[in-house]
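Asks: return atomic coordinates for the entry below.
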Amino acid sequence: MYMSTGIVSIVSSNSRFDGVKSSLDLIESEIKSKIGSKRKILVKPNFVSVHTPLCATHVDAVDSLLNWFYDKFNLNEVIVAESPADGSVWDGVKNYGYDRLKEKYGVEFYYLDEGEFEEVEVYNSSGEVFKIRVAKILMNEDFFKISICRPKTHDTVIVTLTIKNMAMGSIPRREKPLMHQGYYYINLNIAKVATKVMPDLGVIDGLIGMEGNGPVHGTPIKWGVFLASTNPLHVDALTAYMMGFNPRNIGYLYYLHEWGYGEIDPSKINHIGEEPEKLKVKFKPHHTYHKQLNWKTP
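Replies: Just a heads-up that it's a prediction; the model follows:
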């Protein structure tokens, strides 16, 4: 279980490369403590669709992340793994310029849909249990797992950040729709899957976020804020707060907090670097925002 340690670094920068690097520098000791003797890294960016650059993790953010880890550790395996909801991972690698990461660092790309799976229990809209397949590699303790994404509003669960990126990305494309069982159960399902694939490090590239009708069809919002933490619940809750949302209104964050994975009250989350209040903005929510709050009344 994740204890409520995990300080969140907050950085303001107009450079994606520098912003990610600085956010990691601030929590270097926590990262080194958590990675321990592991020398295998798995990076999970967020493509969602392979045709809309604004919805995806920018390659420069992953470049900065890899550059930092190669500088600090003697790595012997680095995998960039994804399962887009729309399109194949190979199209995403090509369209978003990720192929340069293979040339620069020798990383391997891994299409999660083509690997091995383990079944995890989730719920249908009637509250009945069924099983969904989850990528086994994301449960492999040999890897130090990193979720890196941009902050975006969402059409069902208010925001999508580092935890949801890992949870929904772990499910093969054809089965992802099975997670959508109404507002109450999708939040519960994301939280349940997240307990199996919780990242070891969450990184937010908020140079340009997405507001409005995300996670694919929203509009850009210039922000210039970068966050990182070895407790993904902390980084997601603080990011949501700084986007103008109450973390307690985000169902899957609420459940993970209730299950002991960390804090979601911004005043109780330790942070380093910039002050959250100073960089707080107001992301325009999805037009169905008020309906999404119905997760509170199953």
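Asks: I'd like the next helix or strand past the lengthiest helix in the chain.
Replies: Using DSSP state H, we find that the single longest helix of the chain is helix 182-197. Of the helices and strands lying after helix 182-197 in sequence (DSSP states H and E), the nearest is strand 201-211.
Asks: just give the nearest non-adjacent residue to the most centrally placed residue in the chain, would you?
Replies: What sits nearest the mean C-alpha location of the chain, by C-alpha atoms, centre = their mean, is Thr162, with 1.5 Å. Once flanking residues are discounted, Thr162 sits nearest to Gly202: 3.3 Å by C-beta to C-beta, 6 or more residues apart in numbering. All C-beta atoms are positioned from the backbone trio N, CA, C, and that covers glycine.
Asks: next, count neighbours for that neighbour.
Replies: Counted with other C-beta atoms under 10 Å, the neighbours of Gly202 add up to 29.
Asks: which SSE is the residue lying farthest from the centre of the chain in?
Replies: Note on the chain: the largest C-alpha distance from the chain mean falls to Ser126, namely 28.0 Å (C-alpha atoms, centre = their mean). Per DSSP H and E, Ser126 falls between elements, in no helix or strand.
Asks: just the pLDDT for it.
Replies: Looking at Ser126, its pLDDT reads 97.
Asks: separation between it and Arg248?
Replies: 26 Å (C-beta to C-beta, to the nearest Å).
Asks: ok, Thr5 next?
Replies: Distance of Thr5 to Arg248, given as C-beta to C-beta: 21 Å.
Asks: again with Thr230
Replies: From Thr230 over to Arg248 (counting by C-beta to C-beta), the distance is 22 Å.
Asks: repeat for Val62
Replies: Going from Val62 to Arg248 by C-beta to C-beta gives 31 Å.
Asks: more neighbours: which of those two?
Replies: For Val62 versus Arg248, neighbours defined as other C-beta under 10 Å are more numerous around Val62 (26 against 15).
Asks: next, the more buried one: phi, psi?
Replies: Dihedral pair for Val62: phi -70, psi -40, per degrees, to the nearest 10.
Asks: now Tyr110
Replies: The phi/psi pair for Tyr110 (degrees, to the nearest 10) reads phi -130, psi 120.
Asks: cheers, nothing more for now.
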